[in-house]
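# fold the stuff below for me.
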Amino acid sequence: MKRPYLLALLVFLVGCATLAREDLGALFGPANPARFDTPHAEAGQVSFRSEVLPVLEQRCVVCHACYDAACQLKLGSFEGISRGASKDNVYDAARLFEANPTRLFIDADQPSAWRKKGFHPVLNEFPATPAAELQASLLARALDLKERHPLTPNEPAPDSLDFSLNRPNQCPSIEEYSAFERKNPLMGMPFGMPAINSAESSLLRRWLQQGAPYEGSRPLATSVTDEIRKWERFFNGSSLREQLVSRYIYEHLFLANLYFEGEPELRYFRLIRSTTPSGQPAREIASRRPFDDPGKAPFYYRLLPVEESIVAKSHMPYALSARRMTRWQELFFTPDYQVTSLPSYAPEIAANPFRAFAELPVKARYRFMLDEAEFTVMGFIKGPVCRGQTALNVINDHFWVFFQDPETLTSSDAEFLSLESRNLTLPAAEESNSLVLTPLIRYSRQEERYLEAKSAYLEKRFTRPEEVSLDLLWNGDGQNANAALTIYRHFDSATVMKGLAGQTPKTAWVLSYSLLERIHYLLTAGYDVFGNLGHQVNTRLYMDFLRMEGEFNFIALLPQAERIGVRDYWYRDASRNVKDHVYGKYAHYNRESGIRLSGKEPPAQEVMGMLAERLRPILEQQHSLASLADNRLRRELETLASVRGATLSWLPEASFLRIEEPGRAPLTFTLLRNTAHRNITMLLREDKAVVPAEYGLDVLQGIATAYPNAFYRLQRKELAEFTQRIARLGSKADYRELMERFGVRRTSPDFWAMSDAINADYRRQEPIEAGILDLNRFENR
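Numbering: from 1, shown residues only. Now for the predicted structure:
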């Protein structure tokens, strides 16, 4: 084709694209991007806080929250709604250069500022007329499209609708929406689910027609403001020791939803760095990471109210109380030590906690993290790194976590960490624009040197078998349930909980101080979700080292003759180099253990059983079937949990089972399918390493995942049939029959009632830990 024809074709295509956009300015007048910079509300108008937000939380926030909100449209606050939507993805595995962060409440503070960052409005920003408030509002148009084009009830949605987590974004602006409607009539909101009911729809339309009024955030009680002042005084002490301690606490709690224990009204707060002191409006320093340089001007730690809806997938509650203050004083201010200088914020120092906080006692740092170990590990599970299969295929589907007893730490341990601190450099030192493989080669060599040094140190420190016993592991000081954790991975999401949940897993970790600290600075404090491909890949591959080290710590407890066999079973078909990082050339402990086994069970499972018995007095039992008062129901559910093998490959990773019985309140259980792997060393194509014959199923009481893939509902008398059908699953048709018999599909007229009931159960059972459940991964089968 000759160049003039190419030029003519290009002009034609550009013209078509232009025609696809409505000129709403010609219809309504010029847009005003600053219209919602100053929210307004008048007496008699619909209340956003008490009327609109509850509807949005039940019907919209379930998919539009956190970093994976579709089109970055976060609907859990007025600020998120007025910010609008973006065509840019937060999660981009192929990003060659770091992206500019777009964190709500942090990286811009007004809708007009977000317009300059590429966000387009979902509220009407044209002159306010009754027609414009609806016709120029994406929210109103998306609701209207769903009502005009509902999905067929109780049938899987059409294949033309893509529900995959990594589907291409469909983020039309209001000017593009007419063309979008014609092309995608089934993509009204809520996407792929039933329309909201007429009362909810009428309420939202009245609010939009009134100009989307917003009365502002809830005022704080006097008792709460008193608490804020008290804690801000603590965090902003002037001595070098106070400054270093506050920096350490901030870098570990920056993702926390902090609350004041004992306050009548539950309110959550964020700990931030501000350019303004207490008593003045906070001005948050918008750094990528909590340990980035805050600048030369003075800064202050402040507590800001959390203004967004609380969602389970990112909710990390942490209590502030008089007991907490006393505990921190005991850990950091009672010991006799000196802080002689404050560490630099240079990346090579700040990204390495063993160098930055070398002057704080190791035992104090470790105790700080252990006191709330579930929270500490939760940063890895619920922080921004947790989204996506590539981020999570570094861990097994189900494993238990134990911890080194902090009382076994010695001065020689601290000296060893100091000597090895340069071998413990983390990818965040490269910041967010990293090469893909060059840094990893360097980190790999550093890890190998560290493992060899650690192995030699352990063999020197523990020379007699009786020195290696279960007493090396923390027992929670006889009262702290954080001493044992369970982690479940559900393909591209994960869950952590206190206690030893489910059946005995294949693998376990033992975390020491250095390992727990590195996990935090790798995956929580040091990970930038807006970083480039190199940063993301290096972080993911570095976590392989940390997982293997945690596994080594457990394997070293076993009798010497059993260690290689356990390692080889955990890493079937893996390379010799990989195995040497778990136990072998680099990581080894050539001394006998004092732990004696009976041989009645596989060695790893027997040691886990011994640990479970040792920790039984303090183990959290809220999800255990053993605590069910109804013994018959417990036995029936245990029968369901005994189903194993390839039949489970047809079952979703995580689902909720609601059991109803006349005269009794319904009960909700979580079904978690544990996918088995020969090894988990593959960055891509992990499907090549799965072992369907070894799949297992755990049935847990209550809500034990933030990401349900399916809902099942049955009468108590039907439980045996449900179990039998799952045990016989062998085809797509079998699963369709299961869903038609017991499932509540995303197209069911009962879907929203089921979702509301499960969320209500969650709030009732765990009022502090609960958040709105995420439906982005709900299946369409």
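# which positions within the helix or strand hosting E232 qualify as buried?
Using DSSP states H and E, E232 falls within helix 222-235. By neighbour count on 16 or more other C-beta atoms under 10 Å, the buried set for helix 222-235 is V224, E227, I228, W231, E232, F234, F235. Heads up, the C-betas are built off the backbone N, CA and C, glycines and all.
# residues contacting G526?
R289, F291, A351, L426, P427, A428, T539 (C-beta atoms under 8 Å, 6 or more residues apart in numbering).
# could you do Y569 as well?
Taking C-beta under 8 Å, 6+ apart as the test, what Y569 contacts is K506.
# phi and psi next, for it.
Main-chain dihedrals, Y569, degrees, to the nearest 10: phi -70, psi -40.
# same check on R540?
According to degrees, to the nearest 10, R540 has phi -60, psi -50.
# hmm, G696 is touching N396, no?
No - using C-beta atoms under 8 Å, G696 is not in contact with N396, being 11.5 Å away.
# can you put the buried residues of helix 222-235 in CSV and add pLDDT and distance to R324?
Converted to CSV, those look like this (pLDDT from 0 to 100; distance: C-beta to C-beta, whole Å):
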residue, pLDDT, distance to R324
V224, 97, 16
E227, 97, 11
I228, 98, 15
W231, 98, 9
E232, 98, 15
F234, 98, 10
F235, 98, 12
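# strands of the stretch 251-400 of the chain, start to end?
Using DSSP state E, counting those that start in this stretch, the strands found in the stretch 251-400 of the chain span residues 257-260, 269-274, 300-305, 317-320, 398-403.
# pick the most buried one from the ones you listed.
Stretch with highest mean neighbour count among the strands of the stretch 251-400 of the chain: strand 398-403 (a mean of 24; mean count of other C-beta atoms under 10 Å).
# partners of it, with directions?
Strand pairing for strand 398-403, using DSSP bridges, gives strand 485-489 (antiparallel), strand 507-511 (parallel).
# beyond the first one, next helix or strand please.
Spelled out, it's strand 485-489. Scanning forward in sequence from strand 485-489 by DSSP H and E, the next helix or strand is strand 494-498.
# so can I have TSV of the strands paired with strand 398-403 showing mean neighbour count?
Formatted as TSV, the strands paired with strand 398-403 follow (neighbours: other C-beta atoms under 10 Å):
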stretch	mean neighbour count
strand 485-489	25
strand 507-511	25
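# now the two most distant members of the contacts of G526.
Put simply, by C-beta to C-beta the two of the contacts of G526 set farthest apart are F291 and T539, 15.3 Å from each other.
# would you list every one of the helices in the stretch 201-350 of the chain?
Assigned by DSSP state H, counting those that start in this stretch, the helices in the stretch 201-350 of the chain fall at 222-235, 240-253, 322-332, 347-350.
# quick check: R273 vs P290, distance?
Distance, R273 to P290, by C-beta to C-beta, to the nearest Å: 8 Å.
# for Q45, same thing?
40 Å.
# the strands in the stretch 601-750 of the chain, which residues?
Under the criterion DSSP E, counting those that start in this stretch, the stretch 601-750 of the chain contains strands at 654-661, 664-674, 696-701, 710-715.
# what's the most buried one of those strands?
Highest mean neighbour count of these: strand 696-701, a mean of 22 (counted as mean count of other C-beta under 10 Å).
# now do it, average pLDDT.
Strand 696-701 shows a mean pLDDT of 98.
# which strands and helices sit next to it?
Where contact means 3 or more C-beta pairs under 8 Å, 6 or more residues apart in numbering; DSSP states H and E, strand 696-701 is packed against helix 631-641, strand 664-674.
# contacts for the first one, please.
Residues from elsewhere that reach helix 631-641 (C-beta under 8 Å, 6+ apart): 503, 625-626, 628, 659, 667, 669, 671, 697-699, 716, 719-720, 722-723, 726.
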